[in-house]
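[1] I need the structure of the sequence given here:
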Amino acid sequence: MAAEPIRILVVEDEPAITELLSYALRDAGWLPVPVATAAEAWSELQLRLPQLILLDWMLPDKSGLRLLAQIRADRQFGTLPVIMLTAKSMEEDKIAGLNAGADDYVTKPFSPRELTARINALLRRKAPEHGQQLVRVGPVSLDPLSFEVTLDGARIEIGHAEFKLLKFFLTNPERVFSRSQLLDKVWGDHVAIEERTVDVHVLRLRKALKHAENLIRTVRSVGYMLSER
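    Numbers count the residues shown, from 1 in each chain. As a prediction, the model looks like this:
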């Protein structure tokens with residue numbers, strides 16, 4: 001079972017840096033989506049949401065700061081993790097970027113290893129469901145790298161949609177999510193799926209988890225949660 005790679009929107013107009021970033025991201029197992037202008041970045045955001053944005057400070061059509069402000073002003077994109085990339089190293093510039101809504105700041109020239117480490121840290125903090133670490137709750141373990149789910153140490157068969165749903169639950173335990181929230185977080189805003197389809201996938205997930213099915217709780221009139229309590 002192949003999981004969809006993490007999409008990272010790379011907004012950078014220097015071809016050499018774009019190539020370096022794309023290589024580093026692919027080497028880490030992510031999918032780079034490079035664009036060279038703020039306008040192209042905004043158009044790409046309308047088509048499909050990435051899991052993270054690498055945003056250059058200086059762009060040919062508008063500054064990265066202005067694009068960041070536009071992103072943060074839109075409720076749909078307001079929580080997207082954003083790392084600013086820039087040759088600027090002045091403390092005032094860093095503060096300006098962070099105040100505008102950037103989550104982190106990397107100054108050129110940068111180490112690809114440091115950049116991937118910062119991306120991993122940011123995804124763990126803001127979107128743990130996109131992390132690459134093994135997660136475990138009770139008898140259930142999920143390995144995002146091998147795409148394996150085990151129950152009491154034995155591998156179990158699980159569908160692609162149920163894998164994504166389980167990963168989200170395991171990385172967000174003891175929290176209740178409505179069906180619409182699960183659609184947004186697991187399948188994405190731009191996917192046309194009816195809310196009742198979530199119920200079908202939850203039913204399949206419970207069946208796959210066998211005696212651990214009670215980990216997935218139904219919260220009446222609200223939605224679902226994963227809980228050991």
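
[2] For the protein, just list every one of the strands.
    7-11, 31-35, 52-56, 82-86, 104-107, 135-137, 140-143, 148-151, 154-156, 177-178, 216-219, 223-226 (DSSP state E).

[3] Export only the CA atoms of the third one, formatted as CSV.
    Listed in CSV are the C-alpha atoms of strand 52-56, where the atom choice follows Å, rounded to 0.1, in the frame of the first residue of the first chain:
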residue,chain,number,x,y,z
LEU,A,52,3.8,22.9,4.2
ILE,A,53,5.1,25.9,2.3
LEU,A,54,8.7,27.0,1.8
LEU,A,55,8.5,30.7,0.9
ASP,A,56,11.2,32.9,-0.4
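
[4] Quick one: residues in contact with that strand.
    6, 8-14, 17, 21, 41, 64, 67-68, 71, 80-86, 102, 119, 122-123, 127 (Cβ atoms under 8 Å, 6 or more residues apart in numbering). Every C-beta, even on glycine, is put in place using the N, C-alpha and C of the backbone.

[5] ok, it: who's next to it in the sheet?
    strand 7-11 (parallel), strand 82-86 (parallel) (DSSP bridges).

[6] Output the strands of the chain in TSV; the columns should cover distance to Val186 and mean pLDDT.
    Output for the strands of the chain, formatted as TSV (distance: least, Cβ to Cβ, whole Å; pLDDT from 0 to 100):
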stretch	distance to Val186	mean pLDDT
strand 7-11	15	95
strand 31-35	18	95
strand 52-56	17	94
strand 82-86	22	88
strand 104-107	25	84
strand 135-137	15	89
strand 140-143	14	92
strand 148-151	15	92
strand 154-156	19	94
strand 177-178	9	89
strand 216-219	13	94
strand 223-226	11	93
